[in-house]
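**Q** Using only what follows, build the 3D model:
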Amino acid sequence: MSVIQTYTRKKSFLKNFAEITKVRLSISVLFSSIAGYLLGAENVNLTTLLLLSVGGYCMVGASNVYNQIIERDLDALMERTKNRPIPAERISVNSAFTIAVILTIIGIVTLYAINPITAMFGAICIFMYVSLYTPLKTKTPLSVFVGAFPGAIPFMLGWVAATGSFGIEAGTLFMIQFFWQFPHFWAIGWFLYDDYEKAGFFMLPDGKKGKNTLTQTVLYTIWTVLASLIPVFGVTGNLYLTPVSGVLIGLIGLGFLYFAIRFYKIKTNKVAKQFMLASVSYITLLQIVYVADKFIR
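**A** This next block holds a predicted model:
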């Protein structure tokens with residue numbers, strides 16, 4: 001085999017690996033874990049941060065691979081997913097399963113090296129995402145509720161990795177990201193409704209694009225913003241926000257709510273996508289402000 005052929009095969013493998021582990025999604029989830037770690041750590045330990053990064057990526061990546069193995073036939077029906085490595089036959093099911101198992105083992109061992117409770121939450125995250133959320137997507141709109149649990153774990157997982165314990169601080173971080181999951185995924189479910197319908201996925205509260213979905217989206221956006229302001233009042237233990245940062249979080253929240261109300265009024269796929277992007281910007285900026293507040297004050 002020539003050097004060029006070897007290089008091409010390696011490049012192809014890396015591309016397929018990035019796709020099947022959903023590299024952008026995995027990195028965004030990892031960002032939440034790192035933010036949680038920085039919030040909880042008295043002194044930042046680079047070794048722990050590295051272990052969290054490797055373990056976190058492996059756990060999220062493994063969940064995504066298992067998900068794509070289970071949904072391979074459904075992925076083939078949707079425009080958005082038909083070119084994923086498994087339905088496009090660039091990776092076999094056996095190879096994908098091998099990748100998922102290896103990532104799971106590396107992830108759990110790496111997180112266990114930080115502390116057992118971090119590994120436990122990592123394992124719970126994989127179990128709920130793969131064994132509960134994934135099969136429920138074709139059965140009931142409650143799948144989004146179930147999926148919100150593993151989706152909310154990464155932010156608080158970082159705190160647990162830093163402190164070795166689960167308390168009101170980690171619970172607050174979990175609550176913020178838990179509420180945030182709903183408007184974020186309902187926006188996605190709205191503008192990808194036709195594609196999801198092809199595969200029989202129920203991603204909206206009542207299974208259709210209607211006022212009920214829009215109303216709940218606004219309500220959960222409000223609850224997310226209110227939950228994010230709780231640390232300002234000094235009732236969440238060692239997780240605390242200064243009033244200045246509280247104002248910043250409030251302003252970011254108002255921007256998030258603006259896009260939610262706009263979505264409620266206009267109801268188009270374009271506006272739903274804009275709201276989804278606003279939700280990503282909101283949670284990212286929130287985590288940056290939280291971390292900056294801790295290190296600046």
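
**Q** dump the residue contacts of residue 48.
**A** Residue 48 is in contact with 37, 41, 114, 161, 162, counting by CB atoms under 8 Å, 6 or more residues apart in numbering. Yep, even glycine has a C-beta here, placed from its N, CA and C like the rest.

**Q** which one of those has the most neighbours?
**A** residue 161 (29 neighbours; other CB atoms under 10 Å).

**Q** Which strands or helices does the helix or strand hosting residue 273 pack on?
**A** Using DSSP states H and E, residue 273 sits in helix 269-296. The contact analysis (3 or more CB pairs under 8 Å, 6 or more residues apart in numbering; DSSP states H and E) places helix 269-296 against helix 23-40, helix 168-191, helix 211-229, helix 243-266.

**Q** Mind checking those helices for the one nearest to residue 294?
**A** For residue 294, the closest of the helices and strands packed on helix 269-296 is helix 23-40, at 6.0 Å, according to CB to CB.

**Q** what comes up buried for that closest one?
**A** For helix 23-40, burial by neighbour count (16 or more other CB atoms under 10 Å) applies to 23, 26, 29-40.

**Q** export these to a markdown table and tack on pLDDT and distance to residue 73?
**A** Shown next, in a markdown table, are the buried residues of helix 23-40 (pLDDT from 0 to 100; distance: CB to CB, whole Å):
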| residue | pLDDT | distance to residue 73 |
| --- | --- | --- |
| 23 | 90 | 24 |
| 26 | 90 | 23 |
| 29 | 90 | 26 |
| 30 | 92 | 29 |
| 31 | 93 | 32 |
| 32 | 95 | 31 |
| 33 | 96 | 32 |
| 34 | 96 | 35 |
| 35 | 96 | 36 |
| 36 | 96 | 36 |
| 37 | 96 | 38 |
| 38 | 96 | 41 |
| 39 | 95 | 41 |
| 40 | 94 | 42 |
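
**Q** how many other residues sit next to residue 76?
**A** Residue 76: 17 neighbours (other CB under 10 Å).

**Q** Report the contact partners of it.
**A** The contact partners of residue 76, taken as CB under 8 Å, 6+ apart, are 82, 87.

**Q** Might you list the low-confidence residue ranges for this structure?
**A** Within the chain, the segments meeting pLDDT under 70 span 1-11.

**Q** how does it look with 90?
**A** For the chain, applying pLDDT under 90 flags the ranges 1-17, 25, 42, 79-81, 89, 141-142, 197-203, 206-210, 295-297.

**Q** Show me the domain layout of it.
**A** 1-164, 167-297 (automatic domain parsing).

**Q** The nearest residue to residue 86 once chain neighbours are set aside: how many residues sit nearby?
**A** Of all residues not flanking residue 86 in the chain, residue 72 sits nearest, at 4.5 Å (CB to CB, 6 or more residues apart in numbering). Using other CB under 10 Å, residue 72 has 17 neighbouring residues.

**Q** From residue 136, how far off is residue 72?
**A** 17 Å (CB to CB, to the nearest Å).

**Q** measure residue 76 to residue 134 for me?
**A** Distance of residue 76 to residue 134, given as CB to CB: 16 Å.

**Q** same check, this time on residue 265
**A** For residue 265, the distance to residue 134 (CB to CB) stands at 33 Å.

**Q** Residue 65 now?
**A** Separation of residue 65 from residue 134 (CB to CB) stands at 12 Å.

**Q** Same check on residue 122?
**A** When residue 122 is compared with residue 134 (using CB to CB), they lie 17 Å apart.

**Q** who's more crowded, these two?
**A** Neighbours per residue (other CB under 10 Å) separate residue 122 from residue 134, with residue 122 holding more: 32 against 20.

**Q** Just list the residues touching the more buried one, thanks.
**A** Going by CB under 8 Å, 6+ apart, residue 122 touches 55, 56, 59, 107, 108, 111, 153, 157.

**Q** repeat that for 6 Å
**A** 59, 111 (CB atoms under 6 Å, 6 or more residues apart in numbering).

**Q** For it, pull up the helix or strand it's in.
**A** Per DSSP H and E: helix 116-127 holds residue 122.

**Q** what's the distance between residue 168 and residue 39?
**A** In terms of CB to CB, residue 168 sits 13 Å off from residue 39.

**Q** Counting neighbours, what do you get for residue 206?
**A** 12.

**Q** Check residue 286 too.
**A** Quick note: residue 286 (other CB under 10 Å) scores 24 neighbours.
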